[in-house]
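K.L.:
this one's structure only:
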């Protein structure tokens, strides 16, 4: 037994000295190089972007660098604190901070900051040289949105130009829309049957452009219902929408010269909850046996439930929305559907005012420009002409 | 002046909202967020208007014994109950486990889910109507819908072809149509916004 212990002890001693006879392998990875720190472009001024060249020990065949830590300090010799970490293989980090001064993570704009990047292995690390100083500042124009800006300005000029032409008396032809042509018949039908008209503005808020477009259509329809002495019911799911709808309908009655017929209680608030609203509106359809239902505005999953109930009640139904997912439901379940942009054009069609028709023609011209651009873009992509595609690239 | 002032406010607000989209500077960000906060505040006050409107409509229906007046009674009872339970203990009233939340989770939520689930039956009835083959377009719709629906079902040797065809329909003609609508919607929305900003369309403002 003693002999065995002595042999084991000897082996351990030999292994110990054998190990000491070789130098320890240096486990620190090569540090990242060429570290740069600069203001993040197109932001609000509370961020600095740090870039670097990857460590020589970061790669598929080396694999010992697992991450990079980004450190920041107020001075090149001061204490550096860790601001963030990115996995190996990444060479960019955006050091973002809060814009509120009371926030602990407040990022001071227009102040010098110094950075260094630390390459980390599982049990060691190495640091780059200090980079900086760098300052964060907010930009006054988002260069990445330049194509949108150019498009918006061009389109605005086109709209104003066509409106100016309309003011000078130029007449514009607009193609007929079946859904719009049916409005008069639908109101006439309700009048003959002695039943009310139901107008649904959808679930959008008063800030949604589809709801705003629907207000303008409501105004024209209210005017026609006043002329026909037909009751119009407008249940709303938003109190602000209700207030605007009341004013809109009242204006329609005033335009028709029948302010005495306007009844505020017919434009009322139900609930802001989606399916509770649907249940209430369905109840109104079935109880009042509305002759005509208009669904114009922003609609979601409730569109088909509303339209199918209206169909069961035997109402003539005219719908329109810019929600693409709901258009097939409306096409299947209602008699006439205004698809997408037709919702926005409906007001001009109903009003027949030259100024509004002028804006429609501007839209047509813009569509033609978009179609030409699409064709040119397809050709440019086919022939690898990157410069043309870059003209339309938007960075958010 | 009563007419001009709202138009001026709309113009200034509209132009600001367009400009701020292109300016990332924090001063514009601050004004934008401030305006958004005001929308929330106005929305909360408008809720009082909504409450008043709902109560008035329901009470007048009950008084007139209009058809379905019982539903109005239920509406008023539900409204009063939830308001009372929601307010009588302050913030604690709407904590989990309270009677208010029990009513919300075990009555309101299942009713809402029931209404939503009706959609399945309505899809069936709408599909029946849409697929009735009467015209060439309806036939195309029916055939296309069949191809798309059958892609989820194993069809033996033709499964691969059907999957490829369904994928092509979704990514080529369907996507092209969607994008066409999106472009139209974008232009239409911009034109409508411009008409409102420049005061050309003012029907939504009402009249004096």
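P.N.:
Done, it's in. Not measured: the values here are computed from a predicted model.

K.L.:
any weak-confidence spans in chain B?
P.N.:
B:1, B:133, B:207-208 (pLDDT under 70).

K.L.:
Please pick out the residue of it most distant from its centre.
P.N.:
The C-alpha centroid of chain B is most remote from residue B:157, which lies 43.4 Å away (C-alpha atoms, centre = their mean).

K.L.:
So for chain B, the centremost residue is which one?
P.N.:
Closest to where the C-alpha atoms of chain B average out (C-alpha atoms, centre = their mean) is residue B:116, at 14.1 Å.

K.L.:
what sits against that one?
P.N.:
Going by C-beta atoms under 8 Å, 6 or more residues apart in numbering or on different chains, residue B:116 touches A:275, A:301. C-betas here are computed from N, CA, C, even on glycine.

K.L.:
List the buried residues for the helix or strand encompassing it?
P.N.:
Under the criterion of DSSP states H and E, residue B:116 resides in helix B:109-131. Judged by neighbour count (16 or more other C-beta atoms under 10 Å in any protein chain shown), helix B:109-131 contains these buried residues: B:112, B:115, B:118, B:119, B:122, B:123, B:126, B:127, B:130.

K.L.:
tell me, which of those make contact with chain A?
P.N.:
Restricting those to those near chain A by C-beta under 8 Å from any C-beta of the partner chain leaves B:112, B:115, B:118, B:119, B:122, B:123, B:126, B:127, B:130.

K.L.:
give the contact list for the third one.
P.N.:
With contacts defined as C-beta under 8 Å, 6+ apart, the neighbours of residue B:118 are residue A:305.

K.L.:
Could you list the domains of chain A?
P.N.:
A:33-134, A:143-160+A:356-390, A:172-352 (automatic domain parsing).

K.L.:
Quick one, which of those gets closest to chain B.
P.N.:
Among these, domain A:172-352 comes nearest to chain B, with 2.9 Å by C-beta to the nearest C-beta.

K.L.:
The closest one: end-to-end distance?
P.N.:
Distance across domain A:172-352, first residue to last, is 10 Å (C-alpha to C-alpha, to the nearest Å).

K.L.:
How far away from the center of its chain is it?
P.N.:
26 Å (C-alpha atoms, centre = their mean, to the nearest Å).

K.L.:
Now do the same for it: mean pLDDT, whole number.
P.N.:
Average pLDDT, domain A:172-352: 91.

K.L.:
nearest spatial neighbour of residue A:358, skipping sequence neighbours?
P.N.:
The shortest distance from residue A:358 to any non-neighbouring residue, by C-beta to C-beta, 6 or more residues apart in numbering or on different chains, is to residue A:166 (3.4 Å).

K.L.:
who touches the helix or strand hosting the one you found?
P.N.:
Using DSSP H and E, residue A:166 sits within helix A:146-167. Helix A:146-167 is contacted from outside by A:172, A:354-355, A:357-359, A:361-362, A:365-366, A:391-394, B:18, B:21-22, B:187, B:190-191, B:194-195, B:198, B:200, using C-beta under 8 Å, 6+ apart.

K.L.:
Tell me where the longest helix sits in the chain.
P.N.:
The chain I'm using is chain A. helix A:354-382 (DSSP state H).

K.L.:
right idea, wrong chain: chain B
P.N.:
helix B:26-64.

K.L.:
ok, it near chain A or not?
P.N.:
Yes. Using C-beta under 8 Å from any C-beta, helix B:26-64 reaches chain A at B:26-27, B:29, B:39, B:42-43, B:46-51, B:53-54, B:56-57, B:60.

K.L.:
what about residue A:123, neighbour count?
P.N.:
Neighbour count of residue A:123, defined by other C-beta atoms under 10 Å in any protein chain shown: 8.

K.L.:
and it, what are its phi and psi?
P.N.:
For residue A:123, the backbone dihedrals (degrees, to the nearest 10) come out as phi -130, psi 20.

K.L.:
what about it, distance to residue A:250?
P.N.:
According to C-beta to C-beta, to the nearest Å, residue A:123 and residue A:250 sit 76 Å apart.

K.L.:
Residue A:367 too?
P.N.:
Distance from residue A:367 to residue A:250, counting by C-beta to C-beta: 35 Å.

K.L.:
Give me the more crowded residue out of the two.
P.N.:
Neighbour totals were compared for residue A:367 and residue A:250, and residue A:250 leads with 19 against 16 (other C-beta under 10 Å).

K.L.:
Who does residue A:268 form a beta bridge with?
P.N.:
Beta bridges link residue A:268 to residue A:235, judged by DSSP bridges.

K.L.:
quick one: contacts for it?
P.N.:
Contacts of residue A:268 by C-beta under 8 Å, 6+ apart are A:234, A:235, A:236, A:242, B:53, B:54, B:56, B:57.

K.L.:
now do 10 Å
P.N.:
Shown in contact with residue A:268 (C-beta atoms under 10 Å, 6 or more residues apart in numbering or on different chains): A:233-236, A:242, A:245-246, B:50, B:52-54, B:56-58, B:60.

K.L.:
Where do the domain boundaries of chain B fall?
P.N.:
Following automatic domain parsing, chain B resolves into domains at B:1-66, B:133-197.

K.L.:
With distance to residue A:42 added, can I get those domains in CSV?
P.N.:
Listed next are the domains of chain B as CSV, based on distance: least, C-beta to C-beta, whole Å:
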stretch, distance to residue A:42
domain B:1-66, 6
domain B:133-197, 22
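
K.L.:
Which among these is found nearest to residue A:319?
P.N.:
Closest approach to residue A:319 among the domains of chain B (C-beta to C-beta): domain B:133-197, 14.6 Å.

K.L.:
Please see if that closest one touches chain A.
P.N.:
Yes. With C-beta under 10 Å from any C-beta of the partner chain as the criterion, chain A is reached by domain B:133-197 at B:141, B:145, B:177-197.

K.L.:
coming back round to it: report the angle between the longest helix of chain A and helix A:146-167.
P.N.:
Interaxial angle of helix A:354-382 relative to helix A:146-167 (axes from the mean of the first three to the mean of the last three C-alpha atoms, to 10 degrees): 150 degrees.
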